[in-house]
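1. Need the 3D shape of this:
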Amino acid sequence: MYKYFSGDLEFLCNFYKHEFEFEGRIYPTSEHAFQAAKTNQEHEKDGIAGAFTPGLAKKLGRRVKLREDWNEVKNDVMYQVLKAKFSDKRLRQKLIDTGDMELIEGNTWGDCYWGVDINSGIGENHLGKILMKLREEMSNV
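-> The predicted model follows:
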């Protein structure tokens with residue numbers, strides 16, 4: 001179990017710089033792609049895709065005109081974004097090489113939905129669960 005996606009596991013982090021295509025656009029990180037998927041407004045997607053940092057992309061994603069179905073689809077969107085990110089053979093192999101390790105996106109900023117707050121130990125860890133699901137699917141190909 002890891003408390004952060006850092007060091008050898010930094011590639012699991014959504015802020016990890018690795019360009020890939022998602023829904024016809026090139027994104028510098030999976031954070032950029034995920035935040036852009038929150039909206040159906042093309043100009044907002046473009047702005048997020050061009051954000052200088054993943055932190056700025058996240059900030060912009062909080063300001064978009066949120067698509068009406070966002071709460072219903074956000075987990076599947078994250079799955080699709082990460083599937084696109086890990087279509088890269090090198091990254092896919094690194095994910096597979098984590099074996100049966102439990103992947104936990106620990107954080108200090110209180111994100112109890114996508115990760116686990118390391119101060120309280122509370123969190124649903126949806127990001128870690130999606131990564132483990134992808135790892136299992138990719139291992140069986």
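2. same for the helix or strand bottoming out on mean pLDDT in the chain, what does it pack against?
-> Of all helical and strand segments in the chain, the minimum by mean pLDDT, DSSP states H and E falls on strand 106-107, at a mean of 90. Counting by 3 or more CB pairs under 8 Å, 6 or more residues apart in numbering; DSSP states H and E, the packing neighbours recorded for strand 106-107 are strand 116-117. Backbone N, C-alpha and C define where each C-beta goes, glycine included.
3. so how far is the strand it packs on off the chain centroid?
-> For strand 116-117, the separation from the chain centroid amounts to 16 Å (computed by CA atoms, centre = their mean, to the nearest Å).
4. Verify the contact between residue 70 and residue 40 for me.
-> No. In terms of CB atoms under 8 Å, residue 70 does not count as a neighbour of residue 40; the distance is 10.0 Å.
5. returning to that earlier point: what pairs with the least confident helix or strand of the chain, and is each one parallel or antiparallel?
-> If you go by DSSP bridges, strand 106-107 pairs up with strand 116-117 (parallel).
6. pLDDT of the partner strand, averaged?
-> Summarised as a single mean, pLDDT over strand 116-117 is 92.
7. One more: stretch 79-99?
-> 97.
8. Let's see it as CSV, backbone CA atoms only.
-> Provided in CSV are the C-alpha atoms of stretch 79-99 (Å, rounded to 0.1, in the frame of the first residue of the first chain):
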residue,chain,number,x,y,z
TYR,A,79,-11.9,5.0,-16.5
GLN,A,80,-11.9,6.1,-20.2
VAL,A,81,-9.3,8.8,-19.6
LEU,A,82,-7.0,6.4,-17.8
LYS,A,83,-7.6,3.7,-20.5
ALA,A,84,-6.4,6.2,-23.1
LYS,A,85,-3.4,7.2,-20.9
PHE,A,86,-2.3,3.6,-20.4
SER,A,87,-2.7,2.7,-24.1
ASP,A,88,1.0,3.7,-24.2
LYS,A,89,2.9,0.4,-24.1
ARG,A,90,5.5,1.6,-21.7
LEU,A,91,3.0,3.0,-19.2
ARG,A,92,0.8,0.0,-19.5
GLN,A,93,3.7,-2.3,-18.6
LYS,A,94,4.6,-0.1,-15.6
LEU,A,95,1.0,-0.4,-14.4
ILE,A,96,1.0,-4.2,-15.0
ASP,A,97,4.3,-4.4,-13.1
THR,A,98,2.6,-3.2,-10.0
GLY,A,99,1.3,-6.8,-9.7
